[in-house]
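In: My questions concern the predicted model and sequence given below.
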Amino acid sequence: MAYQPIENYGIIGNMRTAALIAVDGSIDWFCFPHFDSPSVFAAILDDKKGGRFQITSTHEGVRCKQLYWPDTNVLVTRFLCPDGVGEVQDFMPVGAAARRDGSNQLIRRVRVSRGKMQFRIVCEPAFDYARGSHDVKLTEDGAVFRADHLTLGLASPVSLERTNSAAHAIFELNEGERAVFVLRHLNGRDGCGRAPTADESHELFEQTVGFWQRWLSQCNYYGRWREMVRRSALILKLLTFEPTGAIVAAPTCSLSESIGGGRNWDYRYTWIRDAAFSLYGLLRLGFTSEAAAFVGWLDARYREAEEDGPLQILYGIDGRHELPESTLDHLEGYRGSGPVRIGNGAYNQLQLDIYGELLDSIYLYNKYGSPISYSSWTHLRGLLDWLCDNWRRKDEGIWEIRGGRRHFVYSKLMSWVAIDRGLRLATKRSLPADEARWRGVRNEIYEEILARGWCKEREAFVQSYGSECLDASTLIMPLVFFLAPNDPKMLKTIEAINRRPADGGLVSDGLVYRYNADLSSDGVGGEEGTFNMCSFWLVEALTRAGRVDPDKLTEARLLFERMLGHANHLGLYAEETGRSGQALGNFPQAFTHLALISAAFNLDRSLGRD
């Protein structure tokens, strides 16, 4: 099978874009110049047409391993065989290295540390999602790839050959020797530019390593799962679009949630929903400047909202509103799982829960970061007044269903959160607000959820009013202080969810499904894996219940440790986990790493209290 498993990839980036690199040294996904730009390499979505940039060993029986340089996003891919040991160090310059030489570079340092090793390099771009053509020109310093709207140069220390649209070579290194390859944006220049010398590349390497290690040194988490939490923090920083502070949900599009199915979405955008979780995670770990940048991005979005209209649920990383969805029918999709989608049609859905995430994030930032301004408050107050008028509407819900609107319990819950946090802000800061009206609406939502969101037959909170379908999103209730973690209704809901699907629950071998797709049509069809984010939510719900029930705390720790075992060899998570433990969906997913940080923090604190 030509396609690598999704879990076989690592990621590098420069906080503007990112590249996925397989254990065999192949860059199979790279959009340029930004996360949501058209792809240059997309072999992960079509092995034949997508394009790749591979540097790999030619030796038979070679074993491949990957690791990150300690406390950085510099990826090392190692090749081991009886003849020798070699490695490729991949990184994109950031910090001082980017400012000096420009940030639009991808550097691949090849070295042999034992014996002798032969390598093959193949650079075959496929511009504009493999829709565009390009010319290849070989030069003394490498190769130039020129398309209609983008020109890239590959600086190479070895002589390259051309075959059709690719440049390639075979080269050999002895013990202690190095070769440095640089893929860069030419920006109007004719030549590709020479490759940096060993000393020059080492300086760039050291500057990039220093940037990541200095940034991570701000992390104030020293609990039991320090390495996993710190790796999650590095991933969140990597997925931040530095010019605006926005965090992409994932750097990929259309990695399928079911092999052969159609659950393929573009996640290279920023969801309002991620706000509370992002800010909570960043603030908890001590990254206040990143939290401030994200709040700045959020502030610009809610200032744009029309007075008589709702917020969008997602935006482009640059703040743009229009994200039209289309399919790339010329690409077969990951392992034949088409269609390949770009853009995201959910941007014009109604999802009332986003007001809860937004206000919770602003409340947390006001408490642990900096006080919000009166100008910001006037816009937030307008959003809350709109919500008071509209919270009774049906919507598409957190899971962005495409089968018709419903009264989702999670949407009502987060509407309650929005108004509750608004009241807390107004009270603590003595900000002007229609508190009497807000308090009345908050109470009305609370009682309606208890009356209509609770199913007597299932003895649990359910997905929507009148439904008997369980939904993992109800695990959030104690996390947002809607119910006490030991409230009998909450304990019954956890118990109902924490059963096997065959017994009516949502948990299989410690992994949590969002909902039972057979009982709740979402308008998409097909199967999906368990949601890693929801699995961490179950850990948190059990953790909080475990403060009065030691058995639940023990169960929470066991489930958390098992979830850590589902990370890939680098500590990265896709959106979902399949029946055989394989990664499914877009990769790596920020929301999952945010949920891991939150679960680790609270579980560690509860265990420490014991």
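Out: Yep, that arrived. Numbers count the residues shown, from 1 in each chain.
In: burial of the closest residue to Ser256 other than its chain neighbours, as a residue count?
Out: Among residues not flanking Ser256 along the chain, Ser337 sits closest, at 3.6 Å (Cβ to Cβ, 6 or more residues apart in numbering). All C-beta atoms are positioned from the backbone trio N, CA, C, and that covers glycine. Look at Ser337: counted by other Cβ atoms under 10 Å, it has 23 neighbours.
In: Contacts only, for Ser337.
Out: Going by Cβ atoms under 8 Å, 6 or more residues apart in numbering, Ser337 touches Ser256, Ser258, Ile259, Gly260, Gly261, Gly262, Asn264.
In: For Met117, see how far away the residue lying closest to Leu328 once chain neighbours are set aside is.
Out: Leaving aside its chain neighbours, Leu328 sits nearest to Val340 (4.3 Å; criterion: Cβ to Cβ, 6+ apart). According to Cβ to Cβ, to the nearest Å, Val340 stands 36 Å off from Met117.
In: got it, and Ser26?
Out: From Ser26 across to Met117, the span is 17 Å (Cβ to Cβ).
In: Tell me which of the two has more neighbours.
Out: Using other Cβ under 10 Å, the more surrounded residue of Ser26 and Met117 is Met117, with 27 against 22.
In: hang on, isn't that one packed against Ile55?
Out: No. Contact criterion Cβ atoms under 8 Å: Met117 and Ile55 do not qualify, at 11.4 Å.
In: what's the following helix or strand after the helix or strand of the chain with the lowest mean pLDDT?
Out: The helix or strand of the chain with the lowest confidence, counting by mean pLDDT, DSSP states H and E, is helix 96-101 at a mean of 70. Heading C-terminal from helix 96-101, the first helix or strand you meet, by DSSP states H and E, is strand 105-124.
In: Report the buried residues of that following strand.
Out: Using 16 or more other Cβ atoms under 10 Å as the test for burial, strand 105-124 gives 105-112, 117, 119, 121-124.
In: can you tell me how far the residue lying farthest from the centre of the chain sits from Ser508?
Out: No residue in the chain sits farther from the centre than Glu140, which is 40.0 Å out by Cα atoms, centre = their mean. Going from Glu140 to Ser508 by Cβ to Cβ gives 58 Å.
In: Quick check: mean pLDDT of stretch 321-328?
Out: Averaged over stretch 321-328, pLDDT sits at 95.
In: Spit out the contact partners of the residue nearest to Leu328.
Out: Leu45, Asp46, Tyr129, Cys253, Ser254, Asn264, Thr327, Leu328, Asp329, Leu331, Glu332, Gly333.
In: can you pick the most crowded of the contacts of Ser337?
Out: Ser256 (27 neighbours).
In: Pretty sure that one sits against Pro339.
Out: No. Ser256 is beyond contact range of Pro339, at 10.1 Å (criterion: Cβ under 8 Å).
In: Flag the shaky bits of the chain, pLDDT-wise.
Out: 1, 100-103, 188-190, 306-309, 523, 525-526, 609-610 (pLDDT under 70).
In: Assign Gly86 to helix, strand or coil.
Out: strand (DSSP: H, G, I helix; E, B strand; the rest coil).
In: Kindly report the same for Ile449.
Out: helix.
In: Off-centre distance for stretch 531-549?
Out: Counting by Cα atoms, centre = their mean, to the nearest Å, stretch 531-549 is centred 21 Å from the centre of its parent chain.
In: tell me which residues of that stretch are tucked away?
Out: Buried residues in stretch 531-549 (16+ other Cβ under 10 Å): 531-547.
In: Break down the stretch 251-400 of the chain into its helices, ranges please.
Out: 274-285, 288-304, 354-368, 374-390 (DSSP state H, counting those that start in this stretch).
In: is it possible to export the ones you listed to CSV including mean neighbour count?
Out: As requested, the helices of the stretch 251-400 of the chain are exported to CSV (neighbours: other Cβ atoms under 10 Å):
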stretch, mean neighbour count
helix 274-285, 24
helix 288-304, 18
helix 354-368, 23
helix 374-390, 17
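In: just so I know, which of the ones you listed lies nearest Val144?
Out: Counting by Cβ to Cβ, Val144 lies closest to helix 288-304 out of the helices of the stretch 251-400 of the chain; the figure is 35.8 Å.
In: helices or strands next to that closest one in the packing?
Out: When contacts are defined as 3 or more Cβ pairs under 8 Å, 6 or more residues apart in numbering; DSSP states H and E, helix 288-304 sits against strand 240-241, strand 246-247, helix 274-285, helix 354-368, helix 374-390.
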